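Colleague: I need the structure of the sequence given here:
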Amino acid sequence: MPRIILYTTDYCGYCVRAKQLLEQRGIDYEEISLENDPAFRERVYELGRQWTVPLITIDDEAVGGYTELAALDRSGALAARLAA
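Modeller: Sure thing, here's the model as predicted:
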């Protein structure tokens, strides 16, 4: 199974939604909280060229945030990618 990492903060509603989506699909993921990282925006930008969390990576490739994850799920591309 591909390795999924969610970079999150505690106060992020989209982070909660991304975790819920993955849990509802029975998809394992690793969560890395950036809550106590004062430079978390720079870290997220370095990893995924975006300034906000969640940042979701699959096998070290940034796929975006919750919106992009949900779109992948709706289209069936997430299941296909995880099955490969």
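
Colleague: Helices of this structure, start to end?
Modeller: 13-24, 40-48, 66-75, 77-83 (DSSP state H).

Colleague: Go through these and name the closest to residue 60.
Modeller: For these, proximity to residue 60 was assessed by C-beta to C-beta; helix 40-48 is nearest, at 8.9 Å. Placement of C-beta: from N, CA and C, glycine included.

Colleague: contacting residues around residue 9?
Modeller: Residue 9 sits next to 15, 33-35, 40, 53 when contact means C-beta atoms under 8 Å, 6 or more residues apart in numbering.

Colleague: how close does residue 49 get to residue 23?
Modeller: Distance, residue 49 to residue 23, by C-beta to C-beta, to the nearest Å: 27 Å.

Colleague: got it, and residue 70?
Modeller: Following C-beta to C-beta, the distance that separates residue 70 from residue 23 is 14 Å.

Colleague: ok, residues contacting stretch 55-63?
Modeller: So stretch 55-63 is contacted by 2-7, 18, 44, 47-50, 64-66, 68-69, 72, 81-82 (C-beta under 8 Å, 6+ apart).

Colleague: rerun at 7 Å
Modeller: With contacts defined as C-beta atoms under 7 Å, 6 or more residues apart in numbering, stretch 55-63 is touched by 2-7, 18, 44, 47-49, 64-65, 69, 72, 81.

Colleague: With just CA atoms, put stretch 35-48 into PDB.
Modeller: Written as PDB, here are the backbone C-alpha positions of stretch 35-48 (Å, rounded to 0.1, in the frame of the first residue of the first chain):
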ATOM      1  CA  GLU A  35       1.100  22.600  15.500                       C
ATOM      2  CA  ASN A  36       4.200  23.500  17.400                       C
ATOM      3  CA  ASP A  37       6.300  24.400  14.400                       C
ATOM      4  CA  PRO A  38       6.400  28.200  14.100                       C
ATOM      5  CA  ALA A  39       7.600  28.000  10.500                       C
ATOM      6  CA  PHE A  40       5.100  25.400   9.400                       C
ATOM      7  CA  ARG A  41       3.900  27.400   6.400                       C
ATOM      8  CA  GLU A  42       7.400  27.400   5.000                       C
ATOM      9  CA  ARG A  43       7.800  23.700   5.600                       C
ATOM     10  CA  VAL A  44       4.500  23.000   3.900                       C
ATOM     11  CA  TYR A  45       5.500  25.200   1.000                       C
ATOM     12  CA  GLU A  46       8.800  23.300   0.600                       C
ATOM     13  CA  LEU A  47       7.000  20.000   0.600                       C
ATOM     14  CA  GLY A  48       4.000  20.800  -1.600                       C
END
